[in-house]
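**Student:** the amino acid sequence is not available; the structure is as follows:
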């Protein structure tokens, strides 16, 4: 069977968009869980909504001029990238807010639009600064530092790398999850979720964490993993998510958000809600090591 090869230009562009989407969630996920952002967004006037959109475009244009999520730019590349970053923020906000049941088709369109636009600002900024946060060279232009990292990775054993990845996952998940676990937003979201929302949360969490580590190009070793329990994209993504869910359960217990006397469904819903930002934090931790 002949293996299908995507054109280099298409592959580069898809990596750039995934890099932008990953940066958006790495920076903006805490604000998606902020009650005040939901309330303010619901009651924004059209003038405020247009102002937010204009603000996002101006900030992203400035950031694209010095960084951005693309490697090279045409004459009007910064403007195009600012538009793309804003679009990435809007799409990302819409998808996650829908999974969390924060937007509903039964509510006025303007109310949902205001909420999405308000969340678009931090998410789009995250997309614009993604290369600044996680700078690295392309596969075809490796520098000395990357070559040294690759040689060091080859000398390490599979189990050493596994323990390193587990530790990085735990550290990243705790850093992000610990700031969200004690808030009222977690039980509030969990109480309003249906089973379809819960399935969607699991799916979007797995897709995002896979994209951050393996598809965005952030991790210079993402495509060079050794074969092992934790060193394969699918198994690493799955195990890391399980670790994030376990840590979410522990953090919720520590903050007395749940107890073993609570209904199992209620516990599971809160763990899934916190598992999304915790898993994204874990993915960021693995990329950062």
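**Tutor:** All right, it came through fine. Fair warning: this is a prediction, and the values are worked out from it, not measured in the lab. Numbers count the residues shown, from 1 in each chain.

**Student:** if I look at the spatially closest residue to residue 63 that is not a sequence neighbour, how far off is residue 62?
**Tutor:** Closest residue to residue 63 apart from its sequence neighbours, by Cβ to Cβ, 6 or more residues apart in numbering: residue 128 at 3.7 Å. (C-beta placed from N, C-alpha, C; glycine too.) Between residue 128 and residue 62 the computed distance is 9 Å (Cβ to Cβ, to the nearest Å).

**Student:** so how far is stretch 266-286 from its chain's centroid?
**Tutor:** Computed by Cα atoms, centre = their mean, to the nearest Å, the chain-centroid distance of stretch 266-286 equals 11 Å.

**Student:** and if you look at stretch 180-187?
**Tutor:** Counting by Cα atoms, centre = their mean, stretch 180-187 comes out at 19 Å from the chain centroid.

**Student:** go through it and flag the buried ones.
**Tutor:** 180-181, 183, 185-187 (16 or more other Cβ atoms under 10 Å).

**Student:** what about the helices in this structure?
**Tutor:** Counting by DSSP state H, the chain has helices at residues 8-32, 35-42, 46-66, 77-99, 109-128, 130-133, 144-155, 158-180, 185-191, 195-210, 233-254, 264-288.

**Student:** just want the angle from the third one to helix 35-42.
**Tutor:** With axes from the mean of the first three to the mean of the last three Cα atoms, to 10 degrees as the criterion, the two stretches helix 46-66 and helix 35-42 enclose an angle of 120 degrees.

**Student:** what helices or strands is helix 46-66 leaning on?
**Tutor:** Applying 3 or more Cβ pairs under 8 Å, 6 or more residues apart in numbering; DSSP states H and E, we find helix 46-66 packed against helix 77-99, helix 109-128.

**Student:** tell me which residues in that helix are buried?
**Tutor:** Buried, per 16+ other Cβ under 10 Å, within helix 46-66: 49, 52-53, 56-57, 59-61, 63-64.

**Student:** give me the below-cutoff pLDDT ranges for this structure.
**Tutor:** 1-12, 67-76, 133-156, 217-231 (pLDDT under 70).

**Student:** quick check, central residue of it?
**Tutor:** Residue closest to the average C-alpha location in the chain (Cα atoms, centre = their mean): residue 25, at 3.3 Å.

**Student:** ok, that residue to residue 245 distance?
**Tutor:** Taken as Cβ to Cβ, the span from residue 25 to residue 245 is 18 Å.

**Student:** ok, now residue 162?
**Tutor:** Residue 162 is 19 Å from residue 245, by Cβ to Cβ.

**Student:** more neighbours: those two, which one.
**Tutor:** Remark: of residue 162 and residue 245, residue 245 carries more neighbours, 21 against 18, as counted by other Cβ atoms under 10 Å.

**Student:** that'll do, ta.
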